[in-house]
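**Student:** Quick one, fold the following:
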Amino acid sequence: MNLPETVTVIEVATRDGFQVESKPIPTHLKVETIDALAEAGVRQIQVTSFVHPKWVPQLADAEEVCRSISKKPGVTYSALALNKKGVERAHAAGINHLDLSISVSDTHSRKNTNVSLPQAMKNLREMVDLAGQEKMELRVGLQCVFGCAYEGPIPTERVLKMAEEIFSMEIDVFSLADTTGMANPLQVKQLLSKMLPLLGDTPVILHLHDTRGAGLANLVAALECGVTYFDTALAGLGGCPFIPGAAGNIATEDTLYLLHSMGVETGIDIAKVAQCSLRLEEFLDRQLPGKMYRLVDGEAMFS
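**Tutor:** So this is what the prediction gives:
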């Protein structure tokens with residue numbers, strides 16, 4: 001196998017994971033989790049989303065979270081925005097790294113943000129322009145690229161066309177999301193073989209949901225294509241509230257175990273990350289989807 005020496009793992013549980021939880025998570029627990037992740041060696045953390053509290057009440061404390069985290073040197077703290085108001089709020093809260101994305105499925109776009117694909121692209125351009133004026137680092141990407149729960153398979157030509165339109169904007173990082181968890185390793189390799197030549201030196205991030213249990217297999221396929229940036233979520237938390245049966249992202253601990261066992265370095269202490277998941281498991285009062293977070297006693301994790 002042709003594997004990279006190092007991989008960057010981006011923690012998204014404190015946004016993607018928390019947003020679907022019905023039990024209110026107190027701000028102090030969010031902040032303590034983010035700070036603990038930074039201490040564990042996680043160098044990129046998506047801390048929250050600047051969305052209307054009416055639609056995502058769990059993240060109504062976005063400004064307070066951003067004010068309260070320790071902001072460890074060398075760690076990138078990013079946030080998601082869905083409209084210009086969200087961009088303005090993120091900038092005012094001191095966020096310098098902004099995540100933006102739109103769906104390649106018209107049905108999902110309408111359910112997720114209440115706009116059609118053409119309007120979503122128009123809105124995205126306006127957000128990119130505004131963020132550029134504020135000198136914010138921009139990660140911009142596409143959702144549902146491997147299939148939609150409502151529309152089924154998405155034509156590769158549509159994905160590539162929308163990607164090319166995004167590449168024409170001033171962005172720093174590009175992301176591809178398997179929002180529905182419908183991808184398989186062959187699809188991942190086929191799309192990346194067409195997408196990566198278009199990107200040039202622009203880094204690409206894969207955001208893999210594990211709805212059908214193929215998330216880590218898809219990660220390995222992407223590794224073999226040269227991708228070295230992946231979103232993960234503590235203990236597999238998360239999911240999209242507008243996709244029936246959607247599961248969370250690939251679990252951070254499971255991903256770290258797989259990478260480390262194959263000799264791929266991340267710089268992250270898996271046991272310290274697992275402690276964050278165990279605390280959330282206790283607070284949420286249920287077993288979480290991930291596997292390795294429960295095996296934190298030394299060698300048992302790697303036996």
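
**Student:** residue ranges for the strands of this protein, please.
**Tutor:** For the chain, the strands defined by DSSP state E cover 8-11, 44-50, 76-81, 97-103, 137-143, 173-178, 204-208, 229-232.

**Student:** Same list (those strands) but as a markdown table, adding distance to residue 60.
**Tutor:** For the C-beta atoms, the positions are set from N, CA and C on the backbone; glycine is no exception. A markdown table is the format used below for those (distance: least, C-beta to C-beta, whole Å):
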| stretch | distance to residue 60 |
| --- | --- |
| strand 8-11 | 21 |
| strand 44-50 | 10 |
| strand 76-81 | 14 |
| strand 97-103 | 19 |
| strand 137-143 | 23 |
| strand 173-178 | 24 |
| strand 204-208 | 24 |
| strand 229-232 | 23 |
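
**Student:** Which one of those strands lies nearest to residue 260?
**Tutor:** Ranking the strands of the chain by proximity to residue 260 (C-beta to C-beta) places strand 8-11 first, at 10.7 Å.

**Student:** List the strands paired with that closest one, with their directions.
**Tutor:** If you go by DSSP bridges, strand 8-11 pairs up with strand 44-50 (parallel), strand 229-232 (parallel).

**Student:** Endpoints of stretch 10-30, how far apart?
**Tutor:** End-to-end distance of stretch 10-30: 16 Å, with C-alpha to C-alpha, to the nearest Å as the criterion.

**Student:** now residue 188, nearest residue through space, not along the chain?
**Tutor:** Among residues not flanking residue 188 along the chain, residue 221 sits closest, at 4.3 Å (C-beta to C-beta, 6 or more residues apart in numbering).

**Student:** about what we covered before: which among the strands of the chain is found nearest to residue 31?
**Tutor:** Residue 31 lies closest to strand 44-50 among the strands of the chain, at 9.0 Å (C-beta to C-beta).

**Student:** Give the buried residues for the closest one.
**Tutor:** 44-50 (16 or more other C-beta atoms under 10 Å).

**Student:** which of these lies closest to residue 111?
**Tutor:** Closest to residue 111 out of the buried residues of strand 44-50 is residue 49 (16.7 Å), distances taken as C-beta to C-beta.
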